[in-house]
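# Predicted model and sequence follow; I will ask about them next.
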Amino acid sequence: MPGLQDASSQDSGTYNYAYLDEQTKRMIRRAILKAVAVPGYQVPFGGREMPLPYGWGTGGIQVTAAIIGRDDILKVIDQGADDTTNAVSIRRFFAKVAGVATTTRTEVATVIQTRHRVPETPLKEGQILVLQVPIPEPLRMLEPRETETRTLHALSEYGVMQVSLYENIARYGRISKAYNYPVLVNGRYMMSPSPIPKFDNPKLDRNPALQLYGAGREKRIYAVPPHTPVKSLDFDDHPFEIEAWSECCALCGSKQSFLDEMIVDDNGKRLFICSDTDYCQERQQTRQKGES
Amino acid sequence: MTALPILSARSVTKHFGSRVACRGVNFDLWPGEVLGIVGESGSGKTTLLNCLAGRLLPDEGSVTYGTASMGAVDVHSLSEARRRRLARTEWGFVNQDARDGLRMAVSAGGNIGERLMAVGARNYGAIRRTASDWLSRVEIDLDRLDDQPLTYSGGMRQRLQIARNLVSNPRLVFMDEPTGGLDVSVQARILDLLRGLVDRMHLSAVLVTHDLGVARLLTHRLMVMQGGAVVEHGLTDQVLDDPQHAYTQMLVASILPV
Amino acid sequence: MYVAVKGGETAIANSLELLADKRRGSRDVAELSLEQIDQQLSLAVDRVMTEGSCYDRALAALAIKQARGDLIEAIFLLRAYRTTLPRFGDSRPLDSTRMVVERRISSTFKDVPGGQVLGPTYDYTHRLLDFSLAAAGERPDAPAAPVDAAQVMPRVGDILERESLLEPPPAQSDDRAEDITRAPLTLPASRPARLQNLARGDEGFLLALGYSTQRGYGNNHPFVGEIRYGHVPIAFVPEELDFEIEIAEIDVTECDMVNQFAGSHNVPPQFTRGYGLAFGHAERKAMAVALVDRALRAGELSEAVSSPAQDEEFVLSHSDNVEASGFVQHLKLPHYVDFQSELVVLRTLRAEVDERNRRAALDRAAE
C-alpha cells in the first residue's frame, strides 16, 4: 500500500526510553508508590498492551520499564535460570529499548526481574526485585468474584483461606500447598507471593530489597517495602515448613538451595541441580578456587 | 446497666414495587425469649426476618439490637464490617435450605470451624476438637467429621448448619423454617434438638414457620402475620388455645388433630 | 557428567527465522499483497480492526499477513502497535443517522421510512461452494442504484421511542468517554465500559453467549429493531478551532435490538434495548454484542440473574481473546520449579501413606 508508514515508535529505532511513553510510566510509578504505601494491597493500574503476550510477563515488564534507568544493571531469570528462553527474550527486549547493561550476577544487579523464583543469593538494600504474577488475587480459587474478594480484603475477612488450609490437613494430614503459598504482609493484607515455591517464602520476610509485583493481564501492581514482615499462613500445631531434598546439587554440592530434578536417561536416572544458575555457578567457581 | 431488649422492631415496613411485603411491625424480644412468626406463604414473614437480621433494608421503621455491653445499636446503621462481624459471632441464621447456610464442598469440620478461624483460631487440633464436640451435640456421627455436606442427608445437613451457627456461642439466632422440607420423623428429632440447645444455651431467637406445631414446641411468644401485617400477638399457648383474630382462628382450626 | 544445555539465545534466533520462512510459504507462489487482503478478505480486516480497537485497513491487512491468517494473533499485533500511537483527543460521538447506508433492515416492521435496503449480504446466498472462484476471472460490476445522500433514514428505535413504546437510551453521565485501554475495568461496570469491552470482545465467545440467551439461558425476547451498515463521518473539535471538522469516514455496522418489555409500579411497560457496534461489515458481531448487552442489563432491569450471559463479571473478565490466548498458551512456558514443588509434596504424602499402611500391616500381623 502506498504510503503505509510506521507512525509509532516501534522498530524505527526511535523508541521512547524503555518502550513505554512517559505518561504511561508516570501512571505506573504512581501505582507503585500507592502499592509501597500500602504493603500487600493490589493497586489497579491501566496496563498497556505490550509486544509480549499476556502470561509472558507483561506486568513485570511494565514495572521494570517504569523504574529502569540508564545506570541500572538488569538481571532477568525464569525458573531461577538466566538462560531459559523467556528470560533471554525479556533481557534482549530491555537491552534493545533501554540500552541498559545486563548481567547474570545477582550480586551486581540493581533490578532483578524474575518469574517463579527468588534468587538464592541474599539481596541487599538498594536492589529491586520485580516479580511476574499471573493471578494477583490470593483468594481467587476460593472466590472467583472480584467484587467479593475486594470486600474480603477491605474487611480483613480471611477466614475462607484458613478454612482451605484446614481442609488440606483434614484430607492429607498436612498443608499440601506447594507454591503460590499465601502470606500476610505487615500483619494486614493477604498476598499472593506469585508462583514461587514455598521454599522461597521465607526470603520475602524482612528482605532488605524492595519487592514489586506486576500482573499485566489482571492489571494489578502490589509491593512489599524493604524490611517488612511477611508471614506464611499456617496453624500453631502445623507450622509452615519448606521443601527439603536428601540429595545435593550434582554440580556445586549445595544442600541449601532449591534443586531441579533432571531425568538423564531412559531408566529414569535422576540428577539434582540448583535451579538458581548464578548461585550454582558462583559456588562452582569458589570450589574450584578453593581446590586450586 | 438497665436491661435492654435483645432485639426491637419499630414500624418495620418493606415493599417490593407496588407490593407491600410487611407493614408496621413492632415488638421487643427479651434475652432468653423465642419469638415465633407464623403465617401462610406470602404473609411477609421471611421478608420481615431478613429485615430483622440486617439482610434487607426496610423502607420504613427501625431494628435495634441490644449488645451485651455497648447499649443498643441500629442494625441498619452499622458499617458493613460490623454487621458482618456480628453475623459471624453474636448472631446465627439458620436457613430453610441448609445448602444456603453451608459450604457444600468443605468438610463438616471446616464448616463448623470457620467461625472460629474467622476470629483468629489457629490451632488445628483445638479447632478439630471443638468441631467434633459440636458434631456430637447435634447428634451426627463423629466419623463424618471429614465428610462434605454433599454426602449428608437433608436432616444431617440441617444439624450441621445449626452447629456451624452455634459454635460461636451466639446470643441471638434467626431461623427460617428450620425443619421445612424435611421428613416428619426427621423434623421431630431436629425440633427436639433445637429446643434442648435453645434451653441450655439461653439463646434468644426469632423463628419463622408456617407450622403451628413447631411454634407450639419452640416459641414463647407468637406473632401471626397475614398479608404483611401482624394480626395477633401474644404468648404462644394463649394465641393457639384462644385465638382472637379470625385469621388465627382459621389457622388453628385447620391443624389436623394428631 | 551432566552439562546444562545453554543456547536459549540461538534457539530463539533460529526459531524466528524458521517462522519467517513458514510465513512466506512456497516461493513458487506469488506473495500476498496488503491490497489483496484488504479487498478480498475484507471481512477478516473488519474483524481485526474491531477487536484490535484500531480503524486502519492497511495496518489490519499487514497484521493479517504477518500473522499468516491467524486473526487472534493479528488482533494482538494491531493492539500492541496501537499502544504506541500518540493521541490527539476524543472525537464527537458518532451520529449514525448521518450514515450513508449500504444496507439497512428491520425485522420489527414490514416497511420503515427509508425502506428496507438489502445491500450486500450472505443472508440469501445458497451455501454452495463456487468452484468458479478457484480460477481468477473478471466479474462484471454490480448494478448501482443512485445514492440519495440527502435522504434521511430515521432510526426505527427513535420512531418507537417517540411513542414511548421503547425506553430511551440510558443517559450519558458526562461528556468524557471512559477508555478501558487506559484505565483498568472496575466492576460493576458502567455501560460505556461494558460496551467497549464487548466491542473488543471475541466474536465467537459473544456469539455463543448471545445464542445461549435465545435458548433460554436468560432469554430476553429479542427482535432486530434495526441493523444498518454504511459509512459515517467522524467529527472532531480541535482545541485551536472550537468548531467541528470532519477528519475521516469509517464503515460501521450498528445493531439495535428491541427486547422484552419491562415496567414497574411507577413506570408503564416499554420495550427495552440492546446495542452493538462494530467496524466494517460485521452483523453477526454487532448482533451478538447487542444480545449480551441486554442480558447484562438484567440486574438494572430487576430481572433474575441466573445464566452465564447475565453474569457481568464472568462475561467481561473472559471476553478478551488476546488476554485469554496469552494466559492459556502461557502454560507452555517452563513451570518445572512449581512442578518440582508439587512432586516433593506428593512424594512426602505418599511416603506417609505407605508408612501408615506398613504399620497397620505390622499391627495386624502382631494380633
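Ah, there it is. Numbers count the residues shown, from 1 in each chain, chains lettered A, B, ... in the order given.

# Let's see the pLDDT reported for B:V258.
B:V258 carries a pLDDT value of 49.

# and if you look at C:P170?
The pLDDT attached to C:P170 in the predicted structure is 77.

# That one and C:T186: what is the separation?
C:P170 is 18 Å from C:T186, where distance means CB to CB, to the nearest Å. Glycine gets a C-beta too; all of them are placed from N, C-alpha and C.

# C:S53 too?
According to CB to CB, C:S53 and C:T186 sit 19 Å apart.

# Looking at these two, which one has more neighbours?
A side-by-side neighbour count of C:S53 and C:T186, using other CB atoms under 10 Å in any protein chain shown, places C:S53 first with 18 against 14.

# interface residues of the stretch 151-292 of chain A facing chain C?
Residues of the stretch 151-292 of chain A found near chain C, taking CB under 8 Å from any CB of the partner chain as the criterion, are A:172-174, A:176, A:178-180, A:195-199, A:217, A:219-220, A:243-245, A:250-251, A:258-262, A:264, A:271, A:273, A:275, A:277.

# what about burial for those, which qualify?
If you count burial by 16 or more other CB atoms under 10 Å in any protein chain shown, the buried members of these come out as A:176, A:178-180, A:195-199, A:217, A:219-220, A:243, A:245, A:250-251, A:258-261, A:271, A:273, A:275, A:277.

# excluding its backbone neighbours, what's nearest residue 112?
With no chain named, the answer covers chain A. Computed as CB to CB, 6 or more residues apart in numbering or on different chains, the closest residue to A:I112 that is not its neighbour in sequence is A:K75, at 4.6 Å.

# you looked at the wrong chain, it should be chain C
For C:V112, ignoring the flanking residues on the chain, the nearest one in space by CB to CB, 6+ apart is C:S106 at 5.2 Å.

# And the one you found, its phi and psi?
Dihedral angles phi and psi of C:S106 (degrees, to the nearest 10) take the values phi -140, psi 130.

# picking that back up, cross-check the buried ones among the residues of the stretch 151-292 of chain A next to chain C against chain B and keep the overlap.
Contacts with chain B within these, as defined by CB under 8 Å from any CB: none are present.

# Chain A: helices as residue ranges?
Read by DSSP state H, chain A holds these helices, from start to end of the chain: A:22-37, A:58-67, A:85-98, A:146-154, A:159-172, A:201-204, A:277-291.

# Give me whichever of the ones you listed is most buried.
Greatest average neighbour count among the helices of chain A goes to helix A:58-67 (a mean of 26), per mean count of other CB atoms under 10 Å in any protein chain shown.

# any idea how far chain C is from the residue nearest the centre of chain A?
Centroid-nearest residue in chain A: A:L131, 2.4 Å away (criterion: CA atoms, centre = their mean). A:L131 sits 13 Å away from chain C, going by CB to the nearest CB, to the nearest Å.

# just checking, that residue touches A:A215?
No: here A:L131 does not reach A:A215: they are 9.6 Å apart, not a contact under CB atoms under 8 Å.

# For stretch B:205-216, measure first residue to last.
Taking CA to CA, to the nearest Å, the first and last residues of stretch B:205-216 lie 14 Å apart.

# Quick check: buried residues in the longest strand seen in chain C?
For chain C, the longest strand by residue count, based on DSSP state E, is strand C:245-262. Neighbour-count burial for strand C:245-262, counted by 16+ other CB under 10 Å, picks out C:D251, C:V252, C:T253, C:E254, C:C255, C:D256, C:M257, C:V258, C:N259, C:A262.

# and of those, the nearest to B:D192?
Using CB to CB, C:A262 comes nearest to B:D192 of the buried residues of strand C:245-262, at 48.1 Å.

# Tell me the spacing between the closest one and chain B.
Between C:A262 and chain B the distance is 12 Å, computed by CB to the nearest CB.
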